[in-house]
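>>> just a sequence and a predicted model for now, questions to come.
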Amino acid sequence: MASNTTNESQLLDILTLNLVPGIGPRTNELLLEYFQSPSKILAATQKELEQVPGVGPKLAASIINAKQTDKAEIELRRCQENGFSLLPRDSEAFPKHLLEIPDAPNLLYCRGHLQPRDELAVAIVGSRRCTHYGRQQAEMFAAALARAGLTIVSGLARGIDACAHRGALSAFGRTIAVTATGLCEIYPPEHKQLAQEVAANGAIVTEGRLDQKPSAGLFPQRNRIISGMSLGVIVVEATRNSGALHTARHAMEQGREVMAIPGRVDQLTSEGCHDLIRDGATLITCPDDVLKSLGPLVEPVETAGGNETVHSPRELTLNDREREILNLVTTEPQHIDEILRASDIEPARVLSTLTVLEMKRMIRRLPGGSLVRSTY
């Protein structure tokens, strides 16, 4: 249910704070910065709590009263009964990329399962009122990127989000939905079946309590999680007041790659994408553009079978033989004879493939006949 380092008492303290109305991401960060742990926050006096910026008498009283209720125990029991996971920040399953953002959630509710390979993720977002062109592009990009090995992240909303999830599912890939509502309040309601499919082939995650209903202010707030879990964000269609642009702004602030698909110049749904491109977002016209735009990973990621290690998403553009031979080359210098001995493929083909990999800047040749894997 929780991480190996978080016991049930600590988890209940985190849950208790998560259930207090009025504690948003920024206030949560300020409280933790001041008191260092959820248990110390709950043990603080009214006067001590009011020393924290943004915490007034009413919120301080709510925090103190929260410890006296059994709401956290009930919430935990309901999660267990429904098979939902609770992921505090120190959980091994908590998304590593999400820890990098300044206002990371203190706790994630999860339906389904997150996997280490989900670190190779890209978000696809856009307008709820999208055109046929937008739906077509979202599904095509999602399917192609999922087949390449990327996990597709989106928000389970109508329009582009739903198309992104369905595209990944059509390619038998992994997809993650980040919702602004609780796991027991799927929104929009017509996406309940889609939510089941997403959970069976990835995960639904949220920072909201189980029964959290849709609220306008929560959607922009959850967008930081969509971008935070991803290496980059693709905006398919967006008007100038679209929520997808909030996700793009979060991505820029978080140091993620922002990409946009151009559309018709006479469509309102293209204006947001064209503005992003004008302001420096990467223009993409095919899935390979995405893989080439994403930078090197901070840490290598193992693919599903565990027999390949990916250092940069652009490696996913290689064919099977190129990827097989690339994975024989390490980040430490190796003599070419070692690589030839490690492969079951005939030496002439290995040598020709190594030449191709060198031309694609996936490996570098060093003096003395040694090779090393490029990580940039």
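Now that the structure is in, tell me what you want to look at.

>>> from here on, just use CA atoms for contacts and neighbour counts.
Noted.

>>> what's the burial count for the closest residue to Ala121 other than its chain neighbours?
Computed as Cα to Cα, 6 or more residues apart in numbering, the closest residue to Ala121 that is not its neighbour in sequence is Thr151, at 4.4 Å. Per other Cα atoms under 10 Å, the neighbour tally for Thr151 reads 25.

>>> show the pLDDT at Val301.
pLDDT, Val301: 69.

>>> same check on the one 3 residues further on?
Among the per-residue scores, Ala304 shows a pLDDT of 56.

>>> over to Lys360?
Lys360 is given a pLDDT of 78.

>>> on that earlier part again, you'd agree the residue nearest to Ala121 is up against Arg174?
Yes - assessed by Cα atoms under 8 Å, Thr151 is found in contact with Arg174 at 5.0 Å.

>>> hmm, back to that, how far away is the residue nearest to Ala121 from Thr175?
Separation of Thr151 from Thr175 (Cα to Cα, to the nearest Å): 5 Å.

>>> quick one on the thing from earlier: give me the common contacts of Thr151 and Arg174.
Listed as contacting both Thr151 and Arg174 by Cα atoms under 8 Å, 6 or more residues apart in numbering are 118, 168.

>>> and this structure, what are its domain boundaries?
Listed by automatic domain parsing, the domain ranges of the chain are 1-78, 112-293, 318-373.

>>> longest single helix anywhere in this protein?
For the chain, the longest helix by residue count, based on DSSP state H, is helix 132-148.

>>> can you say which of the domains of the chain is packed in most?
A comparison of those by mean neighbour count, using mean count of other Cα atoms under 10 Å, puts domain 112-293 on top with a mean of 22.

>>> need the three-state assignment for Leu108.
Under DSSP: H, G, I helix; E, B strand; the rest coil, Leu108 falls in the strand class.

>>> burial of it, as a residue count?
Leu108 has 23 nearby residues by other Cα under 10 Å.

>>> and it, what does it touch?
Per Cα under 8 Å, 6+ apart, neighbours of Leu108: 86-88, 94, 205-208.

>>> doesn't Arg365 belong to a strand?
Yes - counting by three-state DSSP, Arg365 falls inside a strand.

>>> surely Val258 is within a strand?
Yes - Val258: assigned to a strand according to three-state DSSP.

>>> pull the contacting residues for it.
232-235, 248, 251-252, 281-282.

>>> if you set the cut-off to 10 Å instead, what comes out?
With Cα atoms under 10 Å, 6 or more residues apart in numbering as the criterion, the residues that contact Val258 are 123, 227, 231-235, 247-252, 276-277, 280-283, 290, 293-294.
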